[in-house]
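**Student:** coords below, sequence missing:
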Ligand code: SAH
């Protein structure tokens, strides 16, 4: 019974994340891009991350193939994982609102793109990436499954480490001194401790 409840929660969380992203995906497609970086490689990396962040959790929900990787976590820890997922979904929505039509799933600069430096972007340059690290962590904890956790961390980590430095290079190329000043004032995925 308990296993089914957690599987249902993970399934619902994946649907909610998808629903949050959908209108922003539409908005993004409406805007012309004026510069993109390694588009096909970027799409391949997003696909790899999707395997660990969406497909494997879905396989976990609908089958028992990962049962031998059970972490046997106490229920209260798994509930903390679920609470983390809920908070993370709220954060996910908030970041999308903040970036609005400056957001894109791949590395590109859109027409009339502005550098967002307000809200959480005042403290962190990549809050969406902070949110993704939390997503894979909390999903693994709520699932209480080593495979879901480690595969999620590795596939997301692959996208993160092969992207974040290129993204900063692209933003520096586009916004120049404004972005280098912004980098001095912000942390990459955690706020800078002054
Ligand atoms: N790295 C950011 C955004 C991820 S989406 C985050 O983690 O929140 C990736 C796209 O966002 C890139 O194509 C880039 O053009 C855009 N982007 C990144 N930082 C931005 C910012 N501060 N303001 C506006 N657009 C930004």
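**Tutor:** Received it, and whenever you're ready, just let me know what you need. The structure displayed is predicted, hence computed values, not measured ones.
**Student:** who touches the residue positioned nearest the centre of the chain in this structure?
**Tutor:** Closest residue to the average C-alpha location of the chain: residue 132 at 2.8 Å, with CA atoms, centre = their mean. Contacts for residue 132 (CB atoms under 8 Å, 6 or more residues apart in numbering) come out as 49, 53, 156, 160. Yep, even glycine has a C-beta here, placed from its N, CA and C like the rest.
**Student:** Check which element follows the worst-scoring helix or strand of the chain on mean pLDDT along the chain.
**Tutor:** Least confident helix or strand of the chain, by mean pLDDT, DSSP states H and E, is strand 33-36 with a mean of 84. Heading C-terminal from strand 33-36, the first helix or strand you meet, by DSSP states H and E, is helix 39-50.
**Student:** Flag every buried residue along the next helix or strand after that following helix.
**Tutor:** Counting by DSSP H and E, the element after helix 39-50 in chain order, helix or strand, is helix 56-62. Neighbour-count burial for helix 56-62, counted by 16 or more other CB atoms under 10 Å, picks out 56-57, 60-61.
**Student:** Residue 135: what's it in contact with?
**Tutor:** Contact partners of residue 135, counting by CB under 8 Å, 6+ apart, are 17, 53, 85, 88, 92, 152, 156.
**Student:** again, 6 Å this time
**Tutor:** residue 88 (CB atoms under 6 Å, 6 or more residues apart in numbering).
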